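Colleague: Sequence plus predicted model, see below.
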Amino acid sequence: MKLLCALGALCVALTFTTPLAAADKPNVILLLGDDVGYGDVGCYGAKPQHVKTPNIDRLASQGLRFTDAHAESSTCTPSRFSIMTGTYAWRQKGTGILPGNAKLIIDPSKITFPAVMQKAGYATAAIGKWHMGLGDGTLDWNKDIKPGPLELGFDYCFILPATGDRTPCVYVENHRIVNLDPKDPIEVNYKEKIGNEPTGREHPELLKMKLSAGHADTIVNGISRIGFMSGGHSAWWKDDTMADTLTQKALGFIERSKDQNKPFFLYLATHDIHVPRVPNQRFVGKSGCGVRGDVIEELDWTLGAVMQELDKLGIADNTLLIFTSDNGPVVDDGYDDGALQNLNGHEPQGPFRGGKYSLYEGGTRVPFIARWPGHIKPATTSSALICQVDLLASMAAFTGVTAEAPDSINVLPALLGQSDKGRDHLVEQPTQQTPLGIRLGNWKFLQHSTGEGGGRESKAGGKKAKGKGKAAGGQPELYDLSKDLGETRNVAAERPDTVKQMESLLEQIRRNGHETR
């Protein structure tokens with residue numbers, strides 16, 4: 001049976017790789033949203049009176065919608081690391097949420113997702129949020145900024161070094177900060193205040209967005225951030241035009257690649273709906289659940305602009321377009337922007353428990369939609385268990401490149417809708433390397449709980465357990481998702497053999513240094 005499955009996967013891979021030469025290879029776009037919960041979009045249950053996502057919904061009507069797709073982690077840096085490397089982030093120290101001046105956490109000598117695409121003859125670009133570190137630890141932001149995306153397999157990049165709520169608040173294009181005036185050099189520090197810029201801690205009266213926790217350092221555009229920054233004023237981004245800027249850069253890359261008659265791979269990592277939430281004026285007040293809903297609709301606009309560009313250039317049918325999110329939702333994440341108060345019944349996590357920072361399903365189970373007209377059957381749904389860590393191996397098979405990574409499994413048949421089988425198990429992590437959770441079929445085991453959302457509880461937008469069976473803090477948890485999708489009843493004490501089996505599998509994967517194959 002294993003041999004037959006392997007042969008089936010090989011046949012699918014050969015069907016879509018061997019005959020494709022040079023310009024005939026399909027383009028690939030991965031649009032990675034930020035903090036988009038399973039229930040944040042219409043085709044996954046969001047109601048139009050709360051938030052409207054017509055373009056994401058249209059993508060689902062034209063492609064394949066996964067109901068059991070996961071980010072590797074419930075937070076951004078580790079989940080992005082796993083996408084790029086095909087490796088569980090908990091295997092490498094220093095892959096938690098990074099400061100904005102962290103060094104690059106990916107070894108350029110190792111195989112990466114973009115390097116696979118580059119090897120296959122693709123033009124490659126990273127546009128949007130990066131947050132995987134830059135430089136070697138001795139970075140001068142006024143000079144060449146490397147190693148970074150270009151050293152990992154991208155031909156072009158236009159990125160936020162970290163996140164919108166962290167300094168430095170500038171764009172980096174290839175190896176240089178955009179619009180930097182050499183007479184006003186930039187400096188970044190995460191240990192102590194530098195320069196004379198006011199901070200949110202010292203001057204809260206200057207803030208146009210009040211704080212709920214943290215984010216009290218240097219004020220940029222009336223919003224205080226995490227970390228200190230001085231200088232570089234001409235290079236500061238404008239928060240309310242960020243979506244427009246990143247979208248235009250993405251469309252420009254697509255058009256240039258079309259003109260060069262070369263297949264392209266675009267990694268478009270939007271900043272919506274991460275904090276600080278500052279939608280463009282044309283989206284303000286458009287949703288029915290406050291500013292968080294407004295930026296969801298702004299994200300939907302970005303996807304719509306990409307889809308429109310593909311149609312305009314006549315390349316939509318030759319493009320595999322994937323939309324997903326880096327982790328589950330969070331509502332109050334440090335800024336008092338009214339998002340929690342204005343949910344108005346919207347449930348960002350959908351039917352699941354937990355959210356960002358959490359080991360529960362709401363932390364890692366995310367929207368995942370794939371469209372390739374003429375190859376992926378439209379308006380279909382898959383319950384296959386897949387993870388973003390598998391994109392490297394799957395795209396290697398898709399493009400005919402030989403590449404292996406420790407934890408990336410080829411799930412191409414599932415991704416293309418050719419099979420309803422994905423993984424049989426998956427290791428998941430919260431913010432840090434431990435504790436870990438593991439899925440095995442419909443069983444979900446947690447070494448112990450990390451709370452609803454990294455201590456943020458209801459602020460994460462996640463459901464809490466009700467009634468008997470709620471685990472005490474620090475105790476192992478076991479849930480049968482076939483009967484208890486919301487993880488409300490811990491059955492670890494009733495199923496010691498299942499707990500032992502899952503603990504053993506988790507230890508085997510940890511000890512082996514790679515996934516079981």
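Modeller: Good, I have the coordinates.
Colleague: domain ranges for the chain?
Modeller: 2-186+231-423, 187-230, 427-512 (automatic domain parsing).
Colleague: Let me know which of these is tucked in deepest.
Modeller: Highest mean neighbour count of the domains of the chain: domain 2-186+231-423, a mean of 21 (counted as mean count of other C-beta atoms under 10 Å). Using the backbone N, CA and C atoms, a C-beta is placed for each residue, glycine as well.
Colleague: Which pLDDT value belongs to D424?
Modeller: Note on D424: pLDDT of 95.
Colleague: wait, isn't it in contact with L385?
Modeller: Yes - assessed by C-beta atoms under 8 Å, D424 is found in contact with L385 at 7.2 Å.
Colleague: so where's the stretch 351-500 of the chain uncertain?
Modeller: For the stretch 351-500 of the chain, residues meeting the criterion pLDDT under 70 lie at 450, 453-473.
Colleague: what do you get if the cut-off is 90, keeping everything else the same?
Modeller: 404, 431-434, 448-475 (pLDDT under 90).
Colleague: ranking the domains of the chain by mean pLDDT, which is last?
Modeller: When I compare those, domain 427-512 is least confident, with a mean of 81.
Colleague: what's the span of that one, first residue to last?
Modeller: End-to-end distance for domain 427-512: 14 Å, by C-alpha to C-alpha, to the nearest Å.
Colleague: Tell me the gap between that domain and the middle of its chain.
Modeller: Offset of domain 427-512 from its chain centre (C-alpha atoms, centre = their mean, to the nearest Å): 22 Å.
Colleague: try stretch 354-372
Modeller: Chain-centre distance of stretch 354-372: 9 Å, with C-alpha atoms, centre = their mean.
Colleague: what do you get for stretch 89-105?
Modeller: Stretch 89-105 sits 15 Å away from the centroid of its parent chain (C-alpha atoms, centre = their mean).
Colleague: Equivalent analysis for stretch 174-190, please.
Modeller: Centroid separation for stretch 174-190 versus its chain: 27 Å, with C-alpha atoms, centre = their mean.
Colleague: Would you map the helices across the stretch 401-517 of the chain?
Modeller: Secondary structure of the stretch 401-517 of the chain (DSSP state H, counting those that start in this stretch): helices located at 412-415, 496-512.
Colleague: how about those helices in CSV, adding distance to T302?
Modeller: Formatted as CSV, the helices of the stretch 401-517 of the chain follow (distance: least, C-beta to C-beta, whole Å):
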stretch, distance to T302
helix 412-415, 22
helix 496-512, 36
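Colleague: Those helices: which one's closest to R365?
Modeller: The closest of these to R365 is helix 412-415. By C-beta to C-beta, the value is 15.6 Å.
Colleague: Kindly export the closest one (C-alpha atoms) in PDB.
Modeller: Taking Å, rounded to 0.1, in the frame of the first residue of the first chain, the C-alpha atoms of helix 412-415 are listed here in PDB:
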ATOM      1  CA  LEU A 412       1.300  17.600  -3.800                       C
ATOM      2  CA  PRO A 413      -1.500  15.100  -4.600                       C
ATOM      3  CA  ALA A 414      -3.600  16.600  -1.800                       C
ATOM      4  CA  LEU A 415      -2.700  20.200  -2.800                       C
END
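Colleague: now for that helix, which elements pack on it?
Modeller: Applying 3 or more C-beta pairs under 8 Å, 6 or more residues apart in numbering; DSSP states H and E, we find helix 412-415 packed against helix 2-17, helix 391-399.
Colleague: rerun at 10 Å
Modeller: On a contact count with 3 or more C-beta pairs under 10 Å, 6 or more residues apart in numbering; DSSP states H and E, helix 412-415 meets helix 2-17, strand 64-66, strand 368-371, helix 391-399.
Colleague: Is it correct that G222 is in contact with M209?
Modeller: Yes - the pair G222 / M209 is scored as a contact, 7.0 Å apart, by C-beta atoms under 10 Å.
Colleague: Report the set of residues contacting both of the two.
Modeller: Between them, G222 and M209 share these contacting residues under C-beta atoms under 10 Å, 6 or more residues apart in numbering: 200, 239, 276, 278.
Colleague: Pipe those into JSON lines and attach distance to Q349 and secondary structure per row.
Modeller: Below are the shared contacts of G222 and M209 laid out as JSON lines (distance: C-beta to C-beta, whole Å; DSSP: H, G, I helix; E, B strand; the rest coil):
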{"residue": "G200", "distance to Q349": "29", "secondary structure": "coil"}
{"residue": "D239", "distance to Q349": "26", "secondary structure": "helix"}
{"residue": "P276", "distance to Q349": "21", "secondary structure": "coil"}
{"residue": "V278", "distance to Q349": "23", "secondary structure": "coil"}
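Colleague: and of those residues, the nearest to T431?
Modeller: For these, the nearest to T431 is P276 (19.8 Å; C-beta to C-beta).
Colleague: ok, F253 - contacts?
Modeller: 123-127, 155-158, 264, 266, 268.
Colleague: Can you add distance to P373 and give those back as a markdown table?
Modeller: Output for those, formatted as a markdown table (distance: C-beta to C-beta, whole Å):
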| residue | distance to P373 |
| --- | --- |
| A123 | 21 |
| T124 | 23 |
| A125 | 22 |
| A126 | 25 |
| I127 | 23 |
| D155 | 26 |
| Y156 | 26 |
| C157 | 28 |
| F158 | 28 |
| F264 | 17 |
| L266 | 17 |
| L268 | 19 |
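Colleague: In strands, which of these appear?
Modeller: 123-127, 156-158, 264, 266, 268 (DSSP state E).
Colleague: residues contacting the residue nearest to N179 when sequence neighbours are not counted?
Modeller: With sequence-adjacent residues excluded and distances taken as C-beta to C-beta, 6 or more residues apart in numbering, N179 is closest to A235, at 4.7 Å. The contact partners of A235, by C-beta under 10 Å, 6+ apart, come to 141, 168-172, 176-181, 184, 186.
Colleague: returning to what we had before: of the helices of the stretch 401-517 of the chain, which is nearest P406?
Modeller: That would be helix 496-512 among those, by C-beta to C-beta, at 8.9 Å.
Colleague: Pull the contacting residues for the residue lying farthest from the centre of the chain.
Modeller: Distance from the C-alpha centroid of the chain, by C-alpha atoms, centre = their mean, peaks at K183 (36.3 Å). With contacts defined as C-beta under 10 Å, 6+ apart, K183 is in contact with 231, 234.
Colleague: you'd agree it is in a strand?
Modeller: No - secondary structure of K183 (DSSP: H, G, I helix; E, B strand; the rest coil): coil, not part of a strand.
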